[in-house]
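[1] Provided below for reference: sequence and predicted model.
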Amino acid sequence: MIGNFEYFAPKTLQEALTFLDKYGDKCKVIAGGQSLLILMRQGLVAPEYLISIKGISSLNYIRSDLKEGLRIGALTPHRVVEKSAIIRSQFAVLAEMENKLASIQTRNWGTFGGNLCHGDPAGDPAPVLIALSASAKVASLKGERSIALEGFFLDYFETALQPGELLTEILVPPMPARTGAAYTKFNVIETDMATVGVAVSITLSPNRDTCESARIALGASAPVPIRAKHAENVLKGKKITDDLLEEAGKIASSEAKPISDIHASESYRRELAKVLVKRVGKEALARAIKA
Ligand SMILES: Cc1cc2nc3c(=O)[nH]c(=O)nc-3n(C[C@H](O)[C@H](O)[C@H](O)COP(=O)(O)OP(=O)(O)OC[C@H]3O[C@@H](n4cnc5c(N)ncnc54)[C@H](O)[C@@H]3O)c2cc1C
């Protein structure tokens, strides 16, 4: 049962930030409501003031520029990211990830930024964005700041957003030359959250025979999405073979800090991380070779 609250629907960012500043921890922001409404229905969140930001059209956009990269407004629905021609051609891994996120109905309502602000360690966008070295732009009445996505998540359902701040944009830098990126998640039912999700980005050396750099990000494997940095180092400077990817998978699995829950045991999640790092690494490598 959802309790009573006062509802505001600002049309500009400035207006929304003013409400946030005025009502502080008595208020909650709602975007697509796909995660927040569940918490409100369960009585876990009971704001006195609900500020709907969904109508702030200036935060719903996808822009791309060769120099700065891809900019996605926080209120862009998942489905728009999935279908975007720019994203499909330049950052296909993001569109592929979105295609596996929830159902079409949820993707139509849920927003890209809302997903990140919810801070669920099993969310799909975060590992991909971390593998792509993305950052988040946040705003408050005091001004704007930028946070690297890998530092955005602090703990289960806890982000680096400070009181009075809204996430406004996600910036994905241009993909370096000779780079391939891939993502997959293991889940039992197709529209479910990840039991484990893995994103890998590989950049090859100019003669394409060794790995110049790699980023491996794991979802649903720790209280927050994490980078498996030791596993990345195993790939760096070497010719990537199946055996090397297998070794990277084993190391990534040891870097994970998964829990046991109704979906999977800790050891099963570690096994998944190991297998998926190898599988996704192979796909990222194949794409880097063709890039
Ligand atoms: C049936 C179902 C299946 C799902 N499956 C998946 C899945 O497979 N993978 C996956 O990743 N997710 C999944 N989700 C989660 C869901 O897609 C996202 O969490 C959702 O997109 C959140 O976006 P929203 O706009 O609905 O956020 P809301 O529910 O409106 O808000 C979520 C949280 O973020 C805060 N917030 C929202 N926008 C901002 C902002 N711009 N600045 C600051 N704070 C903000 C809110 O205050 C709230 O705390 C599923 C959800 C459902 C209901």
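    Received, thanks. No experiment lies behind these values; they were computed from the predicted model shown.
[2] How many residues are close by Gly237?
    11 (other C-beta atoms under 10 Å). For every residue, glycine as well, the C-beta is placed using N, CA and C.
[3] and the stretch 101-250 of the chain, which of its residues are near the ligand?
    101-102, 106, 109-111, 113-115, 117-118, 123-124, 161, 166-167, 191-193 (C-beta under 6 Å from any ligand atom).
[4] Show me what the longest helix seen in the chain is packed against.
    Counting residues, the longest helix found in the chain (DSSP state H) is helix 266-290. Packing contacts for helix 266-290, counted by 3 or more C-beta pairs under 8 Å, 6 or more residues apart in numbering; DSSP states H and E, involve strand 179-186, strand 196-204, strand 211-219, helix 242-255.
[5] who does the second one pair up with?
    This points to strand 196-204. Paired neighbours of strand 196-204 in the sheet (DSSP bridges): strand 179-186 (antiparallel), strand 211-219 (antiparallel).
[6] can I get those strands in CSV with mean neighbour count and distance to Lys11?
    Output for the strands paired with strand 196-204, formatted as CSV (neighbours: other C-beta atoms under 10 Å; distance: least, C-beta to C-beta, whole Å):
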stretch, mean neighbour count, distance to Lys11
strand 179-186, 23, 35
strand 211-219, 25, 34
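[7] Give me the distance between the closest residue to Val196 other than its chain neighbours and the ligand.
    Leaving aside its chain neighbours, Val196 sits nearest to Leu272 (4.0 Å; criterion: C-beta to C-beta, 6 or more residues apart in numbering). Separation of Leu272 from the ligand (C-beta to the nearest ligand atom, to the nearest Å) stands at 16 Å.
[8] okay but Leu272 is in contact with Gly197, surely?
    No. Using C-beta atoms under 8 Å, Leu272 is not in contact with Gly197; the gap is 9.4 Å.
[9] shared neighbours of the two, anything?
    Phe186 (C-beta atoms under 8 Å, 6 or more residues apart in numbering).
[10] List the contacts of the one residue sitting closest to the centre of the chain.
    Of all residues in the chain, the one closest to the mean position by C-alpha atoms, centre = their mean is Ala126, 1.7 Å from it. Shown in contact with Ala126 (C-beta under 8 Å, 6+ apart): Asn115, Leu116, Leu149, Phe152, Phe153, Ala217, Gly219, Pro225.
[11] As a check, name the ranges of all helices in this protein.
    All helices of the chain, identified by DSSP H, fall at 13-23, 36-41, 78-83, 85-90, 92-99, 104-109, 112-118, 125-131, 229-235, 242-255, 266-290.
[12] Can you tell me which of those helices is most buried?
    Mean neighbours per residue, mean count of other C-beta atoms under 10 Å, is largest over those for helix 125-131, with a mean of 29.
[13] No more questions from me, cheers.
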